[in-house]
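Q: predicted model and sequence below, questions to follow.
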Amino acid sequence: MGPGRHDFHGLMGDAKLDHELVVELALSAGSAVVWWFDLATDRLTWMPGLDDMLGLGGADDGLVRSRLAELVAPLTIAARTAPVWQGFELEQPCENPGGNVRWLQFRARLSGQPGRRSLVGIATDVSGRHDQRQALDDLTDRYRLLVDLTPDAIVVHEGGRVLYANPATVRFVGARSTAEIVGLPIVDFVHPDSVSGMLRRISELTEPGATSESAEVTLTRLDGGIVDVESVSVRTTWEGRSAYQVIMRDVTAQKAAAAALQYQAALVAHVSDALIATTARGVVTSWNPSAEAVYGLDADAAIGQPIDKVVGAPLDPAAILDAGGVVQAVHRRSDGCALAVRVSVARMPDGYVLICADETARRRAEQHFTTVVAAIEEGVIVVSATGHVESVNPAAERILGISEQDALGQPTSLAEIYDEAGERIPQSRYPTLHTRQTGQPRNGQIICVARPDGRLVWLSMSCRALNPDGDLPAAVVVSMTDITERRRIERRREHEATHDALTGLHNRTVAIDRLSPSARARCTGSTAVLFIDLDKFKVINDSLGHSVGDKVLQIVGTRLHAGTRRGDTVSRLGGDEFAVIASDVRSADDATGLAEHIRRELNEPVAVDGRNLHIDASVGIVIADRDDTRDGEDLLRDADLAMYQAKTRGRGRHAFFDINLRERSQRRLQLEQDLRDAPRDGQLWLAYQPIVDLRTDQVTAVEALLRWTHPRYGPISPGEFIPIAEESDLINIIGTHMLRTATAEIVGLRAAHPGLRLTVNLSARQLDDPHLVPSVRDATRATGLPSSALCLEITESAIMRDPDTAARTLVALRDLGSHLAIDDFGTGYSSLAQLLTLPLDTLKIDQTFTAGLGHSADAEAIVTSIIAMAHAVDLAVVAEGVEQAHQLDILRRLECDLAQGYHLGRPVAAADLRTTTPEPGES
């Protein structure tokens with residue numbers, strides 16, 4: 001038998017103390033081999049089977065130990081500086097002599113048994129799982145890369161909401177990230193004209209893998225723009241559920257090219273300038289309707305004639321091209337009238353195209369307006385009676401981002417203008433058209449115009465007839481002032497006054513306004529107010545910083561906005577408090593469903609700076625009918641009370657408001673105010689409950705329990721006023737008062753009952769108080785009570801709230817000579833092993849386990865285990881809540897040390913306390 005195995009059997013006695021740790025590690029593994037590493041002696045031991053797992057079957061222990069030490073070296077190095085019960089996990093490749101590689105998983109815990117520190121662990125062969133995971137990861141990475149890099153948009157939706165969107169989709173809809181898309185209804189990104197066709201195609205996909213025909217769809221971008229796409233839908237699955245995958249290709253440019261061809265054809269037919277085509281020798285081959293109007297000559301008469309003849313003047317297209325392509329000339333109509341014409345020439349494969357613009361009217365207008373209009377800061381455009389631009393002053397060019405040369409002769413109907421609400425104004429309601437047709441002016445109308453560069457400008461525009469007394473339709477003078485900056489400032493101020501700067505949600509002012517009786521009167525049903533408070537958000541702020549906290553709040557705001565109905569109002573009230581106002585709620589079930597939906601949305605992990613944070617929320621709900629007279633402040637206050645009620649039930653819950661809740665809140669506020677004066681006014685007093693030694697049936701200690709007799713309400717339950725004291729920081733003041741009173745009274749009792757010890761409870765808040773240890777020292781010194789006669793009880797949950805701080809405080813109290821007890825053991829989330837690191841003397845079994853004795857085999861088994869484990873580490877055991885004789889008999893049989901409860905004595909004032917156990921039948 002090798003030395004490694006001898007070492008193992010030699011350690012079996014010590015390893016019994018690691019049994020709990022080994023079992024805990026083994027439960028999470030399959031086929032595993034246990035190993036130990038003693039940090040004091042550097043001794044490494046293992047159980048049989050490890051040599052086969054390392055691929056060293058039959059090898060001597062020295063080779064096995066060397067290979068094992070190499071593999072677990074990272075764990076043994078880290079364990080030397082780690083705290084007791086620190087867990088470790090490591091996966092390592094292990095190459096056997098044949099060259100084959102296995103993957104081994106090593107999991108271990110640092111044990112802190114008295115007198116030694118050792119690392120206890122298990123080794124598991126995970127080669128198969130590692131290979132499968134690597135293959136799956138490689139396949140997943142290739143597929144993800146393909147989807148991320150494709151120029152086509154790919155979306156997955158289920159139940160009408162987006163589950164996934166690739167980077168191309170983000171660009172298509174103008175989003176900043178997938179977070180702005182995921183969770184929104186899919187129809188939010190589909191133009192209303194395309195929705196019915198999309199739904200029809202989806203309904204035809206009845207089987208997984210079914211694919212729709214390719215169809216053109218218009219998408220709506222987040223900025224209000226549109227994108228034309230060619231779309232194909234596929235029936236698929238997503239995380240085991242039926243879903244739809246949509247692949248979309250941008251065809252905007254393709255459609256724009258087709259539209260451009262149609263536009264060019266229409267332009268030729270409807271352009272106001274004479275558009276003429278000729279052969280290389282100057283013979284007319286095309287003569288558009290405007291050419292007929294300008295020259296007074298039908299196309300039939302013009303086509304086939306020399307260009308010189310039909311325009312009434314010499315015209316050499318090649319010479320004009322050599323001169324730059326544009327010349328000013330004087331032509332003649334067929335009736336002999338002179339025309340001031342601007343001639344533009346372009347070469348074609350078989351000849352020339354000429355644009356002959358009749359500038360006679362424009363030149364006449366220039367003589368009247370050029371000097372004055374060019375000098376003013378206000379933009380001015382002259383529109384002909386036919387609706388075409390005749391002149392543009394420099395200010396208008398600057399404001400609209402156009403050039404006069406490009407704008408002249410263009411119809412004003414080409415401009416896109418919008419009203420103050422952002423709605424496109426139809427051409428039939430254009431201000432210039434109204435003035436042209438009626439001669440009536442339009443003064444100071446606010447409109448928004450899209451410039452050619454895409455920028456929107458806001459204008460204060462007026463339209464007046466150029467000749468008010470002339471015939472209709474009339475030419476129009478359009479004047480405009482750029483108010484974009486002024487409007488931006490006004491909108492920003494308006495937005496800042498009604499929105500939260502961090503999240504962009506509505507603020508408290510808007511919430512109160514939309515909850516006013518007049519606003520709710522416009523609804524057809526009831527209004528539900530959901531007051532949402534994030535649970536433990538302060539922990540995120542304190543531990544990770546306010547920048548991370550701000551990002552969490554922004555994500556929460558986005559999820560709330562996406563997770564509510566379109567007509568609902570989402571507001572940030574301040575801090576981590578939000579409100580959702582849902583109109584036309586039919587029942588409390590609807591409000592409950594909305595609250596739970598919001599909680600599910602918020603429960604999804606929040607990714608911030610590489611961390612996955614988990615949050616939850618408590619929700620208070622108020623439902624107000626249309627005739628409810630409460631204003632917005634009242635409804636938010638009542639919803640806040642309901643939220644507080646939800647938190648008291650354990651966080652992550654919702655609660656409805658009722659009138660009793662308000663009364664309880666008012667009572668709570670009153671009690672908090674009165675509790676501040678209670679110690680000074682003598683309203684607080686102590687009751688003492690006996691603690692009996694089960695071996696002698698003698699009362700060896702009493703537990704001091706605080707009582708409050710209110711001058712108005714009478715006796716107040718500790719379950720009501722103690723939480724008030726803890727939450728308002730009164731617990732430290734009351735705790736000090738209680739400690740001084742109890743030590744003084746117990747000194748008087750010890751005169752008649754020598755050796756009687758005092759037990760006093762400490763709350764979690766008191767453990768955080770830096771004055772606790774001095775207060776205990778001062779109380780015992782002032783009253784003369786020996787420190788060894790004082791036992792301080794701390795609940796298991798209070799210790800685990802901040803173990804490091806609690807440990808330091810308990811060590812300081814133990815240094816005073818006081819005894820320490822762990823109260824309500826079994827109700828928290830610690831283990832006995834964790835508590836072994838603390839300087840405890842006594843363990844108190846929670847009364848819920850005592851109550852089950854004689855009725856539940858499980859309860860007796862649990863109590864048996866607790867007593868056995870406590871005795872193994874020299875802790876005395878006190879059973880709480882003994883109310884029946886049979887419970888006392890069982891505890892004696894299980895060798896419990898001490899007990900307390902109504903069967904042994906109720907809490908009474910010091911003067912009424914007796915130190916003998918009751919006779920049978922007494923309570």
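A: The structure has been received and is ready for your questions.
Q: so which residues of the stretch 451-600 of the chain form helices?
A: Assigned by DSSP state H, counting those that start in this stretch, the helices in the stretch 451-600 of the chain fall at 484-498, 508-514, 517-521, 537-544, 546-562, 588-603.
Q: ok, Val156 - contacts?
A: By Cβ atoms under 8 Å, 6 or more residues apart in numbering, Val156 lies in contact with 162-165, 236, 238, 243-246. In this view, the C-beta of every residue, glycine as well, is placed from N, C-alpha and C.
Q: and it, what element?
A: Assigned by DSSP states H and E, Val156 falls within strand 153-158.
Q: same deal with Ile822?
A: strand 819-825.
Q: re earlier: show me what the very next helix or strand once past the strand holding Val156 is packed up against.
A: Later in the chain than strand 153-158, the nearest helix or strand by DSSP H and E is strand 161-165. If you count contacts as 3 or more Cβ pairs under 8 Å, 6 or more residues apart in numbering; DSSP states H and E, strand 161-165 packs onto strand 153-158.
Q: pairing partners for the strand it packs on, with directions?
A: Here strand 153-158 has these sheet partners by DSSP bridges: strand 161-165 (antiparallel), strand 241-250 (antiparallel).
Q: right, so of the ones you listed, which gets closest to Ala318?
A: strand 241-250 (43.2 Å; Cβ to Cβ).
Q: restricting to C-alpha, output the strand holding Val156 in CSV.
A: Extracted C-alpha coordinates of strand 153-158, given in CSV (Å, rounded to 0.1, in the frame of the first residue of the first chain):
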residue,chain,number,x,y,z
ALA,A,153,-32.0,42.6,-41.2
ILE,A,154,-32.9,39.5,-39.2
VAL,A,155,-35.6,39.6,-36.5
VAL,A,156,-37.2,36.9,-34.4
HIS,A,157,-40.7,37.7,-32.8
GLU,A,158,-43.1,35.7,-30.7
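Q: contact partners of stretch 240-254?
A: 151-158, 163, 169, 172, 202, 205, 208, 216-217, 219, 227-237.
Q: mind listing what's buried along it?
A: Buried residues in stretch 240-254, counted by 16 or more other Cβ atoms under 10 Å: 243-251.
Q: what does stretch 490-499 give?
A: His499.
Q: that older thread, need the helices of the stretch 451-600 of the chain in CSV with distance to Gln427 and mean pLDDT, can you?
A: Below are the helices of the stretch 451-600 of the chain laid out as CSV (distance: least, Cβ to Cβ, whole Å; pLDDT from 0 to 100):
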stretch, distance to Gln427, mean pLDDT
helix 484-498, 23, 85
helix 508-514, 36, 91
helix 517-521, 37, 87
helix 537-544, 53, 84
helix 546-562, 36, 91
helix 588-603, 44, 90
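Q: quick one: contacts for the nearest residue to Ala450 once chain neighbours are set aside?
A: In this structure, Ala450 finds its nearest non-sequential neighbour in Glu416, 4.5 Å apart by Cβ to Cβ, 6 or more residues apart in numbering. Glu416 makes contact with 424, 449-450, according to Cβ under 8 Å, 6+ apart.
Q: sort out for me which of those are in strands.
A: Using DSSP state E, 449-450 are the members of the contacts of Glu416 that sit in strands.
Q: before we move on, the earlier item: is it possible to get a markdown table of the helices of the stretch 451-600 of the chain that adds distance to Leu836?
A: Below are these laid out as a markdown table (distance: least, Cβ to Cβ, whole Å):
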| stretch | distance to Leu836 |
| --- | --- |
| helix 484-498 | 58 |
| helix 508-514 | 51 |
| helix 517-521 | 60 |
| helix 537-544 | 27 |
| helix 546-562 | 36 |
| helix 588-603 | 36 |
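Q: which among those is found nearest to Gly735?
A: Of all the helices of the stretch 451-600 of the chain, helix 537-544 comes closest under Cβ to Cβ, at 23.4 Å.
Q: buried sites along the closest one?
A: Result for helix 537-544 [16+ other Cβ under 10 Å]: buried residues 537, 540-541, 544.
Q: tally up the residues packed near Val699, please.
A: 24 (other Cβ atoms under 10 Å).
Q: nope, Leu297 is what I meant
A: Neighbours of Leu297 (other Cβ under 10 Å): 21.
Q: equivalent analysis for the one 3 residues further on, please.
A: By other Cβ under 10 Å, the residues close to Asp300 number 9.
Q: just checking, it is part of a helix?
A: Yes: according to DSSP: H, G, I helix; E, B strand; the rest coil, Asp300 belongs to a helix.
Q: quick one: pLDDT of it?
A: At Asp300, the pLDDT value in this model is 93.
Q: quick one, phi psi at the closest residue to Pro452 other than its chain neighbours?
A: Once flanking residues are discounted, Pro452 sits nearest to Gly401: 5.6 Å by Cβ to Cβ, 6+ apart. When quoted as degrees, to the nearest 10, the phi and psi of Gly401 stand at phi 70, psi 40.
Q: neighbours around Gly401, how many?
A: 15.
Q: buried stuff in stretch 281-294?
A: 282, 284-292, 294.
Q: ok, the residues you listed vs Arg667, which is closest?
A: Among those, and counting by Cβ to Cβ, the member closest to Arg667 is Ser290, at 87.6 Å.
Q: what strand or helix carries that closest one?
A: Using DSSP H and E, Ser290 falls in helix 289-295.
Q: do Thr278 as well
A: strand 274-279.
Q: which residue is the nearest non-sequential neighbour of Leu163?
A: Nearest one to Leu163, counting by Cβ to Cβ, 6+ apart, is Val156 at 4.7 Å.
Q: distance-wise, check the one you found relative to Pro185.
A: As judged by Cβ to Cβ, to the nearest Å, Val156 and Pro185 stand 14 Å apart.
Q: residues bridging contact with those two, i.e. touching both?
A: Jointly contacting Val156 and Pro185 under the rule Cβ under 8 Å, 6+ apart are Val162.
Q: using the three-state scheme, assign Arg362.
A: With three-state DSSP as the criterion, Arg362 reads helix.
Q: hang on, I meant Ser428
A: Ser428 - assigned by three-state DSSP - is helix.
Q: return the residue of this structure that is most distant from the centre.
A: Here the chain reaches farthest from its C-alpha mean at Gly336, the gap being 78.2 Å by Cα atoms, centre = their mean.
Q: quick one: contacts for that one?
A: Per Cβ under 8 Å, 6+ apart, neighbours of Gly336: Gly312.
Q: any idea how far it lies from Ile581?
A: 77 Å.
Q: Ala639 too?
A: 10 Å.
Q: joint contacts of these two?
A: Residues within reach of Ala639 and of Ile581 at once, by Cβ under 8 Å, 6+ apart, are 529-530.
Q: which residues in the stretch 551-700 of the chain form strands?
A: 569-574, 577-585, 606-608, 611-613, 616-624, 654-656, 684-693, 698-710 (DSSP state E, counting those that start in this stretch).
Q: same list (those strands) but as CSV, adding distance to Leu54.
A: As requested, the strands of the stretch 551-700 of the chain are exported to CSV (distance: least, Cβ to Cβ, whole Å):
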stretch, distance to Leu54
strand 569-574, 58
strand 577-585, 56
strand 606-608, 39
strand 611-613, 35
strand 616-624, 45
strand 654-656, 55
strand 684-693, 56
strand 698-710, 57
